[in-house]
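Peer 1: Show me the folded form of this:
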Amino acid sequence: MELSALKTTSKRIDILHSMNIYSMEDILYHFPYRYDIIEESYESDHMIIEASVITQPKIFFRGKMSRMSFEVVDHYNHHYQVVIFNRHYLRTHLTPSSTITILGKCQNNKITASDIKIKPLSEIAGIHPVYSLKEGLNQKSFLLYVKKAYQLLKDDLISEVPEEYIIKHHLIHKDIAIYNIHFPDSKQDIKQSLKYLKYEEFLKFQLTMQLTKFNRSSQNGIAKTIDLDQLQSFIIALPFKLTHDQSMAVKEIVDDLQKPQMMYRFLQGDVGSGKTVVGAIALYANYLSGYQGALMAPTEILASQHYQTLSNFFKNTTVNIALLTGSLSTKEKNEIYEKLQNGEIDIIVGTHALFQKKVNYKNLGFVITDEQHRFGVEQRKALKNKGKQVDFLIMSATPIPRTLAIALYGDMDVSTIKSKPAGRQEVETKFIESSSMKPILKHLKDYLASGGQCYVICPLVDESEKLEVRNATQISEAMRSYFANQYQVGLLHGQLKDDEKNEIMQQFIDNKIQILVSTTVVEVGVDVKNANMMIIYNAERFGMSQLHQLRGRIGRGNQKAYCYLMSDQASDEAKERLHYLESCQDGFDLSMYDLKLRGPGEVLGERQSGLPSFLVGDVLKDYNILEIARNDASNMIMAYQNQKMYAYTIERILEKLKENNEYVD
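Peer 2: Down below sits the predicted model:
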């Protein structure tokens, strides 16, 4: 139903549009983000009392600021001095003997008021929803819109949850849940409403994931014939032995490739756990079956790194591997296009250039995307559609516990690598409360003198008027001056052209640059085994997972590695995070810590990864509800397939999947 039903002004409609509200249904699903509970309270830091004014208010102005004070007495005959700022316009209502409600903090019978209501407590007591609104729309007006929307739509609020599960889980019905979330009479009303709404959105999400997965498993794929002896010879010839987790992941992927269903698998592992070699073995298995493979990376630096790594793995094989990125010349690109189309290239590594319209494959059979949260859903789909019945592997270095991964990525099979290769040492990490390198300068000089290389990470490229943080340009100039005629200093950031970035990175790899000052463009994939020191300026500005990813660039060999987290502006919360990083090297633990702090959307890549933006559910706090919904969804799908039960809910979801080309009969 359109917003015109509100019969409000076009200006108000524009404000609602700016809040992503385009229909009356959207108004109902714009839930309060908190509630103000107004009831008599004499707690010193949260005082709410009804009182009578006994003195005429006095007002003091200082510029545009005002301070108003007056005395009141409550019904217990307690006297208070009240002070409130910037509310001088209330003076005409605060006449002696008038009854008001005061909200604020109290100390020694002096109340510093946050709000004053010119009404008795009995008239305003209760639970008041508070909505996130844009300027020009107040709480009272929006609540009237909600009331209007509910009146018009209440008969259409059909529950997505089958009656059987409403009874089983002691849930209220949807129309009651929607009403009570906006107009609660008690805390219990809110609790029961949230219980229903969380369960419903988790159930719909799990049904969507599992129906998508069932569809993929039922679609005809290509059962690839792989010479397993030859594959085993390739694995044995690698310069290191696979860990148990790597071996298990390889087995799961190779089993999938040999099945007559399309593979859609999620491979997660901590930084340095060896996901790339698993991907290489999978690409080789696909090659042995006679099909082309593609590996897509989010940046040219990472694509080039993968190309070099895979070239080393395949140097004693007949695999023809090529690199396709946007910085190649037109002639170089055209040569690659031709070789891909006629089948001369067996494995192609690249960026988004891999799925451009000009790129055609002879028989693409397998696609890997690395750091998948950096690609949009459409980008991944475009590459996958370059072949027929293509098997798909997604790799990520933002690991989460397997049970949570299965719940969130329910449309995929999950492989997890937890153990790290033998000989890999932990990175010694230290939080330094300073913006200067002085406390660690001696260690840096000794380390460089021993032949090592160092990363220096900054949050910004250039100086900012708004932010007091160290920038890469400033730091690189200072280090060039300090280490003149001793060491070469390079500067790497996202504003450089791709060929410039690649050239600087290659110089660092070749040890022509000893100190690389960089922004977070080195966060993922860069592997320089001689670089085993990292200094991160303004570490408080990075998330836990991002800092762990950056730290993962060092300690890639068998040498001792050191990471310094520099910050003199960290809040108490930020200090706690940085100290936690000092003692924790496990990416799974860190990502869970980060998820709790920042939420799954920020950590895992909400929009791009396909991770849903739940309205009321929290995948960590409400994990028990998510698990129950997952089991119920599985049972519902089974009952639908056998007896066409739960048709209303499931067929509505199937229709949406078909609209989005996610499900095909």
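Peer 1: where exactly do the strands run in the stretch 351-500 of the chain?
Peer 2: Secondary structure of the stretch 351-500 of the chain by DSSP state E, counting those that start in this stretch: the strands cover 364-370, 391-396, 413-417, 427-432, 453-457, 489-492.
Peer 1: low-confidence ranges in this protein?
Peer 2: 216-219, 371-384, 423, 461-470, 522-526, 597-613, 659-665 (pLDDT under 70).
Peer 1: for this structure, longest helix please?
Peer 2: The longest helix of the chain (DSSP state H) is helix 187-218.
Peer 1: Pull out the buried residues from that one.
Peer 2: For helix 187-218, a neighbour-count test (16 or more other Cβ atoms under 10 Å) marks 189-190, 192-213, 215-216 as buried. To be clear about C-beta, it is placed using only N, CA and C from the backbone, and glycine gets the same treatment.
Peer 1: Is M533 in contact with G451, as I believe?
Peer 2: No. Between M533 and G451 there is no contact under Cβ atoms under 8 Å: 11.7 Å.
Peer 1: Looking at these two now, which is surrounded by more residues?
Peer 2: Using other Cβ atoms under 10 Å, the more surrounded residue of M533 and G451 is M533, with 24 against 9.
Peer 1: Name the nearest residue to that one, ignoring sequence neighbours.
Peer 2: Distance criterion Cβ to Cβ, 6 or more residues apart in numbering; nearest residue to M533, sequence neighbours excluded, is C454 at 4.3 Å.
Peer 1: again with I181
Peer 2: Residue nearest to I181 in three dimensions, not counting chain neighbours: S193, with 4.2 Å by Cβ to Cβ, 6+ apart.
Peer 1: for R551, same thing?
Peer 2: With Cβ to Cβ, 6+ apart as the criterion, R551 has its nearest non-adjacent residue at 4.7 Å, and that residue is C563.
Peer 1: sorry, back to before: tilt between the longest helix of the chain and strand 391-396?
Peer 2: Angle, helix 187-218 to strand 391-396, by axes from the mean of the first three to the mean of the last three Cα atoms, to 10 degrees: 140 degrees.
Peer 1: what packs against the following helix or strand past helix 187-218?
Peer 2: The C-terminal neighbour of helix 187-218 among helices and strands, as given by DSSP states H and E, is helix 228-236. The helices and strands touching helix 228-236, judged by 3 or more Cβ pairs under 8 Å, 6 or more residues apart in numbering; DSSP states H and E, are helix 244-257, helix 275-288.
Peer 1: Please identify the most buried of those.
Peer 2: Among these, ranked by average contacts under mean count of other Cβ atoms under 10 Å, first place goes to helix 275-288 (a mean of 24).
Peer 1: neighbouring contacts of it?
Peer 2: With contacts defined as Cβ atoms under 8 Å, 6 or more residues apart in numbering, helix 275-288 is touched by 224, 226-227, 230-231, 234-235, 238, 242, 246, 249-250, 253-254, 257, 267, 269, 292-293, 295, 306, 309-310, 313-314, 317, 319, 346-347, 365-366, 368, 370, 391, 393, 395, 397, 417.
Peer 1: if we go to 6 Å?
Peer 2: By Cβ atoms under 6 Å, 6 or more residues apart in numbering, the residues outside helix 275-288 that reach it are 226-227, 230-231, 234, 246, 249-250, 253-254, 257, 267, 269, 293, 309-310, 313, 319, 346-347, 365-366, 368, 395.
Peer 1: Equivalent analysis for stretch 156-175, please.
Peer 2: Applying Cβ under 6 Å, 6+ apart, the external contacts of stretch 156-175 come out as 154, 178, 192, 196, 200, 204, 632, 646, 649.
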